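Undergrad: All I have is the shape, not the residue letters:
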Ligand code: GDG
């Protein structure tokens, strides 16, 4: 569990940027779940970038987090208002849980969020499944979340809504409380109008978001696309990142999320020995690492094909390189994700069968959620991180890898990850170009120590400078400016 130092300069700055106001955070998944086990009810922190970024702030600043209660004992531990104090062992803030029925989970979450918005916004039109019952459920569930927010909000609270599952919440809250202070952060890409305009409910989604006072994205190109959609979809004037409505203005900003660089660097010191042992255990000189949720956007299949091509083209690296690939289970109830898992299992088996020798297995593949310690050990041990999403809002793994290393690891990064806009000292690749990725692996392994250090030092400096505290402080400062201007 992460230790919180609420008096560090990072947190002091964030508190300053919040201006003493309380935060009401709203997201689909909550930061903690309660699950029944043989040992009783266990409280666990959820794995993922959003929770890693926001739980420490909530712990430090207090407030309320409104989220879906998805654990099987989540409502056993809550009070009559569906509230529970968290973290469980040292409570610091309130978690308000929203109860969803099986049908809502199936239609709002697996349906509209994951089979409509996710594929449209990640440019996979062939995977989109448009059903009116999904949309109806999405509206109902957004209403439930908005009601939960309104029950918890006091005057002057700052309501911060996260991500594509909840795009209608700002409007639903504003309809009931016109003075509410609302911000939105969109964590996935925002596509061009040509793609977005295919969405039958495009106006409702835009209008939902436009009830916020500020909307944040990871990159300038997502901001540009979003503003274009507002102009074309709603015929509303946009000027220099400001949307002008008759009665108010909305600021739209690129504020790229970061990681707690200092903490990754510090924690990584505790895994130095384990990282060294990993090379010996895998009988390899070089370790290449991939850490991805098992999602079609993350490009795991393309990566495997590129690694196979690398082994074909450059046999001098046989018995010297191992690809460690973790695939974190996600959306396991969706048939398509189960099929993708099968395809990846088979491909790993085929490539290993083709190249392995006694004592050397070229791909070590793990389909499971690994512990934070193990993740750090992998980051620390890896000579190269191979991060090749076909498209990705940001990709925190790239930043976590750089934050953990202190001795010049090489980052190979897809040019279609939001992180590539900032981390352009990485070896940038087109993940669809199998040969180019294979060559990039060779180049990474053969790179001179001088070039490695030059690139790494800049990447580390950027990751350190634009860390998670910078993200929060910058976003909150921009948010507060909204109200200062209108006074
Ligand atoms: C969305 C956007 C955007 C993963 N597997 C394990 C594990 N993780 C942690 C990583 C990292 C996080 O989960 C994954 O972050 P990503 O950024 O890669 O991706 P998404 O989950 O797709 O998130 C994305 C992000 O929002 C933030 O705005 O960057 O583009 O799609 O922190 O370390 N952690 C542990 N075990 C695992 O097996 N402990």
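TA: Great, that's in hand. These figures come from a predicted structure and were not determined experimentally.
Undergrad: domain parsing for the protein?
TA: Here the chain is described, according to automatic domain parsing, as comprising the domains 9-258+469-486, 261-465.
Undergrad: Can you add mean neighbour count and mean pLDDT and give the ones you listed back as JSON lines?
TA: Every residue, glycine included, has its C-beta placed from N, CA and C. Compiled in JSON lines, the domains of the chain are given as follows (neighbours: other CB atoms under 10 Å; pLDDT from 0 to 100):
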{"stretch": "domain 9-258+469-486", "mean neighbour count": "18", "mean pLDDT": "95"}
{"stretch": "domain 261-465", "mean neighbour count": "19", "mean pLDDT": "96"}
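Undergrad: mind putting these in TSV, distance to the ligand included?
TA: Converted to TSV, the domains of the chain look like this (distance: least, CB to the nearest ligand atom, whole Å):
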stretch	distance to the ligand
domain 9-258+469-486	4
domain 261-465	3
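Undergrad: Which stretches in the stretch 101-250 of the chain count as helices?
TA: Shown for the stretch 101-250 of the chain, the helices assigned by DSSP state H, counting those that start in this stretch span residues 102-104, 118-121, 132-152, 169-176, 193-196, 202-209, 220-234.
Undergrad: which residues are contacting the shortest one?
TA: Under the contact criterion CB atoms under 8 Å, 6 or more residues apart in numbering, helix 102-104 has outside partners 137, 140-141.
Undergrad: rerun that using 6 Å as the cut-off
TA: 137, 141 (CB atoms under 6 Å, 6 or more residues apart in numbering).
Undergrad: For that helix, what is the distance to the chain centroid?
TA: 25 Å (CA atoms, centre = their mean, to the nearest Å).
Undergrad: The longest one too?
TA: Mean-position distance between helix 132-152 and its chain equals 23 Å (CA atoms, centre = their mean).
Undergrad: do stretch 71-83 as well
TA: The chain centre lies 26 Å from the centre of stretch 71-83; the measure is CA atoms, centre = their mean.
Undergrad: Same check on stretch 284-302?
TA: Here stretch 284-302 is found 16 Å from its chain centre; the criterion is CA atoms, centre = their mean.
Undergrad: mind checking the end-to-end distance for that stretch?
TA: End-to-end distance of stretch 284-302 (CA to CA, to the nearest Å): 23 Å.
Undergrad: thinking again about what came up before, export the helices of the stretch 101-250 of the chain to a markdown table and tack on distance to residue 91?
TA: Formatted as a markdown table, the helices of the stretch 101-250 of the chain follow (distance: least, CB to CB, whole Å):
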| stretch | distance to residue 91 |
| --- | --- |
| helix 102-104 | 28 |
| helix 118-121 | 33 |
| helix 132-152 | 16 |
| helix 169-176 | 26 |
| helix 193-196 | 42 |
| helix 202-209 | 33 |
| helix 220-234 | 36 |
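Undergrad: Between those, which one is closest to residue 278.
TA: Residue 278 lies closest to helix 118-121 among those, at 33.8 Å (CB to CB).
Undergrad: quick one, strands of the stretch 151-300 of the chain?
TA: Under the criterion DSSP state E, counting those that start in this stretch, the stretch 151-300 of the chain contains strands at 158-162, 181-185, 214-217, 238-239, 242-244, 249-254, 286-293.
Undergrad: so which of those strands gets nearest residue 450?
TA: Each of the strands of the stretch 151-300 of the chain has some distance to residue 450 by CB to CB; the shortest is strand 286-293, at 18.3 Å.
Undergrad: Would you check the distance separating the next helix or strand after that closest one from the middle of the chain?
TA: Sequence-wise, the next helix or strand beyond strand 286-293 is helix 300-313, with elements assigned using DSSP states H and E. In terms of CA atoms, centre = their mean, the centre of helix 300-313 is found 25 Å from the chain centre.
Undergrad: With that, I have no additional questions.
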